[in-house]
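**Q** Curious how this folds, go ahead:
(one chain, ligands or ions: 1)
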Amino acid sequence: MVLYSHEIGKGFTSLQTFSSVLGISGISQRAFKDHDNKITDCEVESGEDMLYRTANAIRQAYAETDDDIREAIERGENPMIDISVSFDGTWQKRGFTSLYGVGVCIDLLTGLVVDFDIRSKYCHACHIQKAESMNATDLAVWKEQHDCCTNHHKSSKSTEQDSAVILWNRSVAKYNFRYVEMLSDGDSSAFKAVLESKPYADKAVTKLDCINHAHKRMGTALRKLAKESHLGAEELAG
Ligand SMILES: [Zn+2]
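**A** Sure thing, here's the model as predicted:
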């Protein structure tokens, strides 16, 4: 029952209502929280395991294209591999008012997700504690023990560049990969943030432009030109 609530994004109160509609006894809030935490831990563990298996598949794919990498792997080493990735960020909702943002890196050779980062401006437990109007001392004690979900305190728009900096700066420690080429959309703020963070001291990161976005920008420029030509052909001719 807790898994069901977790999967559809509902909390303890919803489960209580659902249980009473079915005429069955519910569980205590404490038990709900314990089970919910265990489910979250399992999901995180399973996600990380999947990422490491994906990284191995990417390593093998690069070994097939590069003898040095293949030979190093055959010797039982874990060689540093320079890979090209596409990076993009997305939000829970549009308009930069979202409380959650996700940044994702996809390996261009295999099309597999290499890594992702979730930025959250909201923590439900903190929200509940504030609503219960705890006094300052109790709240401070509670916060000491609390594993907070909030990891982003700046604007929603900045989640994308913050995620990029985090992903680039952990790629070596996590996989021994360097993301040396970044394919991303026209907004280069994430790329600039990565450059400023200098993730690979002696190795540059370069930006590739997505052909779709290049098309889009070209289309916008041509439509603008066509409109201006129609309204003022003489000025353009001059
Ligand atoms: Zn919190």
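
**Q** can we go C-alpha only for contacts and neighbour counts from here?
**A** OK.

**Q** Gln161: what's it in contact with?
**A** The contact partners of Gln161, taken as Cα atoms under 8 Å, 6 or more residues apart in numbering, are 189-191, 193-194.

**Q** That one and the ion, how far apart?
**A** 23 Å (Cα to the ion, to the nearest Å).

**Q** Going by neighbour count, which of the contacts of Gln161 comes out on top?
**A** Of all these, Ala190 has the most neighbours under the rule other Cα atoms under 10 Å, reaching 24 neighbours.

**Q** May I have the predicted confidence score for that one?
**A** On the pLDDT scale, Ala190 is placed at 91.

**Q** thinking again about what came up before, name the nearest of the contacts of Gln161 relative to Gly9.
**A** Nearest to Gly9 among the contacts of Gln161, counting by Cα to Cα, is Ala190 at 30.1 Å.

**Q** Could you pull up the contacting residues of that closest one?
**A** 160-162, 164-165.

**Q** Now, these that are in helices?
**A** Among the contacts of Ala190, the members falling in helices (DSSP state H) are 160-162, 164-165.

**Q** on that earlier part again, can you redo the contacts of Gln161 as TSV with secondary structure and distance to Met134?
**A** Shown next, in TSV, are these (DSSP: H, G, I helix; E, B strand; the rest coil; distance: Cα to Cα, whole Å):
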residue	secondary structure	distance to Met134
Ser189	helix	40
Ala190	helix	39
Phe191	helix	43
Ala193	helix	39
Val194	helix	40
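
**Q** Just the pLDDT at Val180, thanks.
**A** pLDDT, Val180: 96.

**Q** ok, the nearest residue to it once chain neighbours are set aside - how many residues close by?
**A** Nearest non-adjacent residue to Val180, counting by Cα to Cα, 6 or more residues apart in numbering: Val205, 4.5 Å away. Val205 sits with 19 neighbouring residues when counted by other Cα under 10 Å.

**Q** looking at this, Phe116 is in a strand?
**A** Yes. Applying DSSP: H, G, I helix; E, B strand; the rest coil, one finds Phe116 inside a strand.

**Q** beta partners of it?
**A** Note on Phe116: beta-bridge partners by DSSP bridges are Val104.

**Q** Isn't it up against Val102?
**A** Yes. Phe116 is within contact range of Val102, at 7.0 Å (criterion: Cα atoms under 8 Å).

**Q** so how far is the longest helix belonging to the chain off the chain centroid?
**A** Using DSSP H, we find that the single longest helix of the chain is helix 29-63. Distance, stretch centre to chain centre, for helix 29-63: 14 Å (Cα atoms, centre = their mean, to the nearest Å).

**Q** How about stretch 182-196?
**A** Distance of stretch 182-196 from the chain centroid (Cα atoms, centre = their mean) equals 15 Å.
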